[in-house]
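S.K.: Starting from these lines, generate the structure:
(2 chains)
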Amino acid sequence: MGKPIKVKAKLKGDVAEVKVLMPHPMESGARVNADTGEKVPKHYIQEVVCKHNGNVVNTAFWGTGVSKDPYMAFKFKGAKPGDTLEISWKDNTGDTSVAETTFK
Amino acid sequence: MRLQRRALIRSLFTAAAVLAVPRWLFAARPDAAFDADNSETVVKDLFDGSITESDQITLKVPDIAENGAVVPVTVSTDLADVESISVLVDNNPTPLIALFELSPQSIPDISVRMKMGESSVVRTVVKAGGKFYSASKEVKVTIGGCGG
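M.R.: Take a look at the predicted model:
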């Protein structure tokens, strides 16, 4: 299980404004370990899925070029207090993490 | 007249088919495009057909990035029926950074932070109503962020 995802979700009328922080090393496979001189293997998030009340709002596919501890922000329509928001990621090693929050 | 009507009927059928099967629900990660080492291959892989430059896309990136390891990028657009937003950095070892697939519920306004190995053109391609639109901007990087 990956590290917990931090989610900040705000409602402005029926528009949801979501900010997500996902602690993850996001190793591109190009970085060299200074002590051993060996390349650090690729380890990065490939897919982030955001669901509103169980329905997919957006899917983000990522390459190795997304920064360490990725931050992502997005908006969507049709949300109201009490609705659920689920964010999940999957990385290239098959590791996953899921967070769920409820709009206030 | 007759021909036009036929064309109209055909386009209505096409529209119905597109609406009935939203592409974003079934899409899988385009692994080959993410592994490609140049923007041309990514464009050929992902954006079949022509890409139009559009001033209805706002690509927000810094002019100068002091730290290439963390370059904030925001893409928003006034284009209607946005299906996906992609971000590319031409001079990165693998240019395709991210591909966001948006449902009709989404508002096309996304932000993410990316790595840049060196100064480069940053490109965004927006798929809207089945067509591709782009915007680009040059970002100068003072310290590269691709490790090494």
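S.K.: Please list the residues of chain B that sit near chain A.
M.R.: For chain B, the residues in contact with chain A (Cβ under 8 Å from any Cβ of the partner chain) are B:24-25, B:27, B:29-30, B:34, B:69-71, B:74, B:89, B:92-103, B:105-107, B:109-116, B:145-148. Quick note: C-beta positions are derived from backbone N, CA and C, even for glycine.
S.K.: hmm, 6 Å instead?
M.R.: Proximity of chain B to chain A (Cβ under 6 Å from any Cβ of the partner chain) is limited to residues B:29, B:34, B:70, B:92, B:94, B:96-103, B:105-107, B:109-115, B:146-148.
S.K.: So stretch A:73-93, near chain B or not?
M.R.: Yes. Interface with chain B: stretch A:73-93 contributes A:73-78 (Cβ under 6 Å from any Cβ).
S.K.: Report the central residue of chain B.
M.R.: Centrality entry for chain B: nearest residue to the mean C-alpha point is B:Ser86, 2.4 Å, by Cα atoms, centre = their mean.
S.K.: C-terminal to the helix or strand where it lies, what's the next element?
M.R.: Assessed by DSSP states H and E, B:Ser86 sits inside strand B:82-89. Using DSSP H and E, the next helix or strand after strand B:82-89 towards the C-terminus is strand B:96-102.
S.K.: Sheet partners, orientation included, of that following strand?
M.R.: Counting by DSSP bridges, the strands paired with strand B:96-102 are strand A:55-62 (antiparallel), strand B:82-89 (antiparallel).
S.K.: so how many other residues sit close to the nearest residue to A:Lys42 once chain neighbours are set aside?
M.R.: Take A:Lys42 and drop its neighbours on the chain: the residue closest to it by Cβ to Cβ, 6 or more residues apart in numbering or on different chains is A:Gly29, 3.6 Å away. A:Gly29 has 15 neighbouring residues, counting by other Cβ atoms under 10 Å in any protein chain shown.
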